[in-house]
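Undergrad: what would the 3D arrangement of this be:
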Amino acid sequence: MTNTTPPPARHSTKPKYGFAEMAPGDCKTFPPEEGYRARKAAHMHAHYHGRKFVSETQPDGSVKVWRVS
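TA: Residues are numbered from 1 along each chain as shown. Predicted coordinates:
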């Protein structure tokens, strides 16, 4: 069987939150409507890449995420 159709091009996705670029001690602030998703994304990034993050909800509802190691 022969097929002359080329395979689809690979799609690279741009990281939404930028946790890979964070160094230990860096902090990012997320608005209240993105806080829960950013916190979960930091947890998953830490799990897959062996890093540690700490997050805290601020009085105004925003979420701060720090990379600690």
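
Undergrad: where exactly do the strands run in the protein?
TA: Listed in chain order, the strands of the chain (DSSP state E) span 27-30, 53-57, 63-67.

Undergrad: among those strands, which is the most enclosed?
TA: Highest mean neighbour count of the strands of the chain: strand 63-67, a mean of 19 (counted as mean count of other C-beta atoms under 10 Å). Just so you know, the C-beta spots here come from the backbone N, C-alpha and C atoms, and that holds for glycine as well.

Undergrad: strand partners of it, parallel vs antiparallel please.
TA: Sheet pairing here is set by DSSP bridges, and for strand 63-67 it gives strand 27-30 (antiparallel), strand 53-57 (antiparallel).

Undergrad: what does the first one contact?
TA: This means strand 27-30. Under the contact criterion C-beta atoms under 8 Å, 6 or more residues apart in numbering, strand 27-30 has outside partners 17-18, 22, 38, 58, 62-67.

Undergrad: for these, work out which two are farthest apart.
TA: The two members of the contacts of strand 27-30 with the most space between them (C-beta to C-beta) are 18 and 58, at 19.2 Å.

Undergrad: picking up where we left off before, mind putting the strands paired with strand 63-67 in JSON lines, distance to residue 44 and mean pLDDT included?
TA: Below are these laid out as JSON lines (distance: least, C-beta to C-beta, whole Å; pLDDT from 0 to 100):
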{"stretch": "strand 27-30", "distance to residue 44": "15", "mean pLDDT": "97"}
{"stretch": "strand 53-57", "distance to residue 44": "10", "mean pLDDT": "96"}
